[in-house]
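Engineer: Starting from these lines, generate the structure:
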Amino acid sequence: MALSASDVPTMYTVLVNSLSADEAARRPAEAALAQCETRPGFCSCLLEIISARGLACREDVRLLATVYFKNSINRYWRHRRDSYGISNEEKDHLRKNLLLNMHEENSQIALQLAVLISKIARLDYPKEWPDLLSVLAQQLQSADVLASHRVFMVLFRTLKELSTKRLAVDQKNYAEITGHLFEYTWNLWKSDVQAILQNLSMLSQRNDIDSILEQSNDLALICDRWLLCLKIVRQLIFSGYASDSRTAQEVWHVREVCPTVLTAIRSLLPYYDSFKDKQAKLRDFAKRACTKLMKVLVTLQGRHPYSFVHQTVLLATVDFCLNMITNPEQTGTTFEEFLIQSMVLVKSVLECKEYRPSPTGRVINENAQPLSLEQRKKNFAAVASDMLKAVLSGDRVVLLCNILVRRYFIYTAKDLEEWSENPESFHHEQNLVQWTEKKRPCAEALFIVIFEKYRELLAPVVVSVLREAMAVSPPQETDVTAGMLLKDAAYTAAGHVYYELSNYLSFNEWFHGSLSIEISNHHPNMRIVRRKIALLLGQWISEIKGDTRKLVYRALVGLLQDNDIAVRLAACSSLCYLFQESCFSEVDLFECLPTCWTMSFELIEDVQEFDSKVQVLNFISVLLEHAGDKVIPFASQLSQFFQMIWKESAGESLLQIQLLTALRTFVSSLGFQSPLSYHMLIPILQSGINVDSPDALNLLEDSVLLWEATLSNGPSIVPQLLDLFPYLVGIMNRSFDHLEITMKIIEDYIIFGGSEFLKSHGASLANIIDTIVGNVNDKGLLTALPIVDLLIQIFPLEAPPLISSALQKLTFISLSQDDGQNPSRTTVRASSGAILARLLVMNTNFSSQLLSEPALLASIQQAGISVNNNLLLSLVDMWIDKVDDANAIQQKEYAIALSIILTLQVPQVIDKLDDILSVCTTVIIGSREVKTEDDTSGDITSSSWIGNDGSGYSNTSSKELRKRQVKDSDPIKQASLENVLRENLKACAVFHGDEAFNAAIGRIHPSAFAQLQQALNTA
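Structural biologist: Numbering: from 1, shown residues only. Here you go, the predicted model:
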């Protein structure tokens, strides 16, 4: 039943109750709202409440109404199959009345209205709401400051939503919007900036600023409107035109907007200091405005780099930013956010690939013909390169480098205080923070870029700063002096550009003459230098040669024992790099292994933050990976550690995922000795593979991988591992996401578990196979079918009755028609047929029983598959037809099965003798021609597996050894097809009689008969 205007008071009361602190009143109200939101008229009632202003309507209730309205748009504006949605008539009503709320005084409600209008616009503009922008534009013509502010709020949100539509027609619509809106918005922005500057100038000379601002709210609204207009201008230029990096077509708006924006920055910057002691709001506005204006320049340069190439844009902007960076005090730019954006812009310009000059230089247009796209790009790049050379002279580049290192790399008193209060958090903030969020990481990123561009000029400069810092701060220094902080900054620079400094600096001399001494200085204040050296050693890893490498290992292991956690974490990080480096020394690793384990265990107990624990776990994984079987003496200690961390990390899925990864490496390192860890490992596995556990969604994938690693590396399957198998049923019933690894697990259980496994879990295994066959695509089937084949090979009598249902499905698949456009379907049919051939060879009685099932025959006939009431003969035809699509071992399965068919009491077989013998002859001759069969299922032992003793199993893992033993013992693989065929031909002659048999032989082509004789006689 639809809601109407008469329901508005009731709806208002329900909304009031839903905000109640009394749960008895709130819960029924929330339930009532949930029921009402699907009823027609719900949004209209909400809009009436939102539009009602005054004392009679609470602001918080109106705000809640906007939230419900917005959620209803997301759920019901589009018609869906599971709901009727909002009717077209109600949509028309809502669209018209929403635009009448442009005088909303409550800023939160105004924002929500703008958001929900934009969401509707994304779905309905321009087809269903063609007059949206024109109505908003009309309201701007006669609007007061408040209304115009609200209109621009709606415009900005709407333009932002429309910009996410990427179809060509939508982008064309956006370009048209840009043409209509840009001029008015830009002119209003320029008008507002003049008004703002006049007001700021007037207020900066007054002492009663607070009282003036209290009397009038217009200035605040104008400032906000001005920022909204700026966002709209940026959005229109960004999304209204394709990037000129692709088109090389200038966007004229860039050249008009950017110089004006730069002028506005210059005008507003002084007010940041002017209002320092007078009015915090105005000071914050100046700060926010300058930062946002600089972000606009960064955005437009990135989107339209060629349009940025102009004397008044690129040259002026880069020059201005360089002045801000190198001399912020003189320009009054003392706030971090603006300096960061200045650095970002310079970095963006220096990295811009569109500004790299072409080796062929500028294109001269002598014939007055239109230049091609590439020629226009070359010209833009040449002009940009010339401008950058002019603004970035050699002296200025050197000055910038010095300023970055000597000023922005230096730790402040606040930094050191934060380090002392929380060294762990400080370490991660320095290393993991986004470079655009903090001044020092941003300065480091800019330094790397300018050094890369001017490396020959700057390498001597960095070396000079490094030597100066080492001279003014001796290794045995204990006080935090300016020299120590400069040394830290110089080491930071040297770490970032090690690849070039190695030509100017001998690492061995540096390490022995300074670094090693500083590491041994354990004074608490020297933690600054020790931490930086720890990071530096990881960065210079490729330059550490000879005997120095062992000393570096020992130095970093020593730093793992430092009293400061930030130093220990830095050492942990660099040790990871050293051990993962291709030239690392295993001998040196083994020497320091005991200390590394002990220090890692202590460190992970001392740290508190998630990032720290992940870092230490990663280090332990690296150690495990490279230690190999040297980890065995530490197995008990590591098991206790992993058990403790697992318990402590309960509920922290991301940390437990890292732990599962480390455990997988641990199990692989233990190899045959992995049962030493089972007391810890199996409870963790049981928790991770249980699909009913709360963290199953996050942990299941890594737990399944650990399960497979445990089975692969174990010498046998202990009862505790055997008991885990039923969990696989739940995993497969849930989804086939882990099908491939699940098949490996089943293979391990079949090979390692033997008859005990089949006896205990045969029903579960049959359930899994039946779930897979017929419910997965061809790729999934090709993953699963080798397991079915292996199961029949190892348990020819016990397994077929268990998987009878799956075998019936495979019969159906084998006899179905090929999809000529889908090669995988052909492969699936060939593989399914091979399994049925193996079944006939190894369990002929069950094969006959399976193929005589009336239900199977009926279902195949109902599917329109012609079988002539004899499934066996249909399979014979299929085997003959698909032999060329099978691999080597499958062909042999086909051939032996066909030869056995000759001995069965099936009169019609004699008519197919010619084709059967042709297949058998082809397989026999083919197997002789190919000495080493390239079998995709890995059944044939390759030469790489042959050991010194000729056994073929030298240096193999437990799993691979057992797998090859099992597959090499395959009766079909061991059988001589020639002997089988010879004996079965004799049996065929006896059953059908010599006359019928000889007649059938006589129908064989002489050349084919000669090949058959050759195949049989040379056996």
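Engineer: Please report how far Val14 lies from Ile49.
Structural biologist: Distance check for Val14 against Ile49: by Cβ to Cβ, to the nearest Å, it reads 10 Å. C-betas here are computed from N, CA, C, even on glycine.
Engineer: pLDDT weak spots in the stretch 801-950 of the chain?
Structural biologist: 818-821, 868-869, 929-950 (pLDDT under 70).
Engineer: switch to 50 and redo it
Structural biologist: Along the stretch 801-950 of the chain, segments meeting pLDDT under 50 span 931-950.
Engineer: lowest-pLDDT helix or strand in the chain?
Structural biologist: Taking mean pLDDT, DSSP states H and E as the measure, the helices and strands of the chain show their lowest mean at helix 209-215, namely a mean of 64.
Engineer: Show the backbone phi and psi for the residue nearest to Ala264 when sequence neighbours are not counted.
Structural biologist: Using Cβ to Cβ, 6 or more residues apart in numbering and skipping residues adjacent in sequence, the residue nearest Ala264 is Val193, 5.3 Å away. The main-chain torsion angles of Val193 are listed as degrees, to the nearest 10 and equal phi -70, psi -30.
Engineer: Could you report the pLDDT at Phe42?
Structural biologist: As predicted, Phe42 sits at a pLDDT of 92.
Engineer: I'd say it and Leu3 touch.
Structural biologist: Yes - if you go by Cβ atoms under 8 Å, Phe42 and Leu3 touch, sitting 5.6 Å apart.
Engineer: Next, count neighbours for Ser348.
Structural biologist: Burial measure for Ser348: 18 neighbouring residues, criterion other Cβ atoms under 10 Å.
Engineer: wait, I meant Phe619
Structural biologist: Neighbours of Phe619 under the rule other Cβ under 10 Å: 24.
Engineer: Only the buried residues of the host helix or strand of it, if you could.
Structural biologist: In this structure, Phe619 sits in helix 610-627 according to DSSP states H and E. For helix 610-627, a neighbour-count test (16 or more other Cβ atoms under 10 Å) marks 611-627 as buried.
Engineer: Check which helices and strands that helix sits against.
Structural biologist: Where contact means 3 or more Cβ pairs under 8 Å, 6 or more residues apart in numbering; DSSP states H and E, helix 610-627 is packed against helix 423-432, helix 565-580, helix 586-606, helix 653-670.
Engineer: where along the stretch 351-500 of the chain do the helices fall?
Structural biologist: For the stretch 351-500 of the chain, the helices defined by DSSP state H, counting those that start in this stretch occupy 373-391, 394-403, 413-421, 423-432, 439-453, 455-472, 482-496, 498-501.
Engineer: ranking those by mean pLDDT, which is last?
Structural biologist: Set side by side, the helices of the stretch 351-500 of the chain give their lowest mean pLDDT on helix 423-432, at a mean of 84.
Engineer: and it with helix 482-496, angle?
Structural biologist: Between helix 423-432 and helix 482-496, the angle formed by their directions is 50 degrees, by axes from the mean of the first three to the mean of the last three Cα atoms, to 10 degrees.
Engineer: what's helix 423-432 packed up against?
Structural biologist: Counting by 3+ Cβ pairs under 8 Å, 6+ apart, the packing neighbours recorded for helix 423-432 are helix 413-421, helix 565-580, helix 610-627.
Engineer: try 10 Å
Structural biologist: Helices and strands touching helix 423-432, by 3 or more Cβ pairs under 10 Å, 6 or more residues apart in numbering; DSSP states H and E, are helix 413-421, helix 439-453, helix 527-539, helix 565-580, helix 610-627.
Engineer: Now do that helix: everything it contacts.
Structural biologist: Taking Cβ atoms under 10 Å, 6 or more residues apart in numbering as the criterion, the residues outside helix 423-432 that touch it are 411, 415-420, 422, 437-438, 440-441, 444, 492, 527, 531, 535, 563-570, 573, 606-612, 615.
Engineer: Mind checking which of the residues you listed are buried?
Structural biologist: Among the contacts of helix 423-432, the ones that count as buried (16+ other Cβ under 10 Å) are 411, 415-416, 418-419, 440-441, 444, 492, 527, 531, 535, 564-570, 573, 607, 611-612, 615.
Engineer: Distance of Tyr727 relative to Tyr678?
Structural biologist: If you go by Cβ to Cβ, the gap between Tyr727 and Tyr678 works out to 16 Å.
Engineer: How about Met732?
Structural biologist: Between Met732 and Tyr678 the distance, using Cβ to Cβ, works out to 24 Å.
Engineer: more crowded one of the two?
Structural biologist: Between Met732 and Tyr678, Met732 has the larger neighbour count (other Cβ under 10 Å), namely 23 against 17.
Engineer: what helix or strand does the more buried one sit in?
Structural biologist: In this structure, Met732 sits in helix 727-734 according to DSSP H and E.
Engineer: And for Ser191?
Structural biologist: For Ser191, the enclosing helix or strand under DSSP H and E is helix 168-204.
Engineer: Mind listing what's buried along that helix?
Structural biologist: Neighbour-count burial for helix 168-204 flags 170-171, 174, 177-178, 181-182, 185-186, 188-189, 192-193, 196, 199-200, 203 (criterion: 16+ other Cβ under 10 Å).
Engineer: cool, and stretch 269-279?
Structural biologist: Of the residues in stretch 269-279, Leu269, Tyr271, Tyr272, Ser274, Phe275, Gln279 count as buried by neighbour count, 16+ other Cβ under 10 Å.
Engineer: rewinding a little: ranking the helices and strands packed on helix 610-627 by burial, who's on top?
Structural biologist: Stretch with highest mean neighbour count among these: helix 565-580 (a mean of 23; mean count of other Cβ atoms under 10 Å).
Engineer: ok and that one relative to helix 610-627, angle-wise?
Structural biologist: Relative orientation of helix 565-580 and helix 610-627, computed by the same axes, to 10 degrees: 30 degrees.
Engineer: So what angle separates the directions of helix 565-580 and helix 527-539?
Structural biologist: With the same axes, to 10 degrees as the criterion, the two stretches helix 565-580 and helix 527-539 enclose an angle of 10 degrees.
Engineer: I'd like to know which elements helix 565-580 is packed against.
Structural biologist: Helix 565-580 makes packing contacts with helix 423-432, helix 527-539, helix 548-559, helix 586-606, helix 610-627 when contacts are defined by 3+ Cβ pairs under 10 Å, 6+ apart.
Engineer: now those helices in a markdown table, with distance to Asn767?
Structural biologist: Below are those laid out as a markdown table (distance: least, Cβ to Cβ, whole Å):
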| stretch | distance to Asn767 |
| --- | --- |
| helix 423-432 | 46 |
| helix 527-539 | 51 |
| helix 548-559 | 52 |
| helix 586-606 | 41 |
| helix 610-627 | 35 |
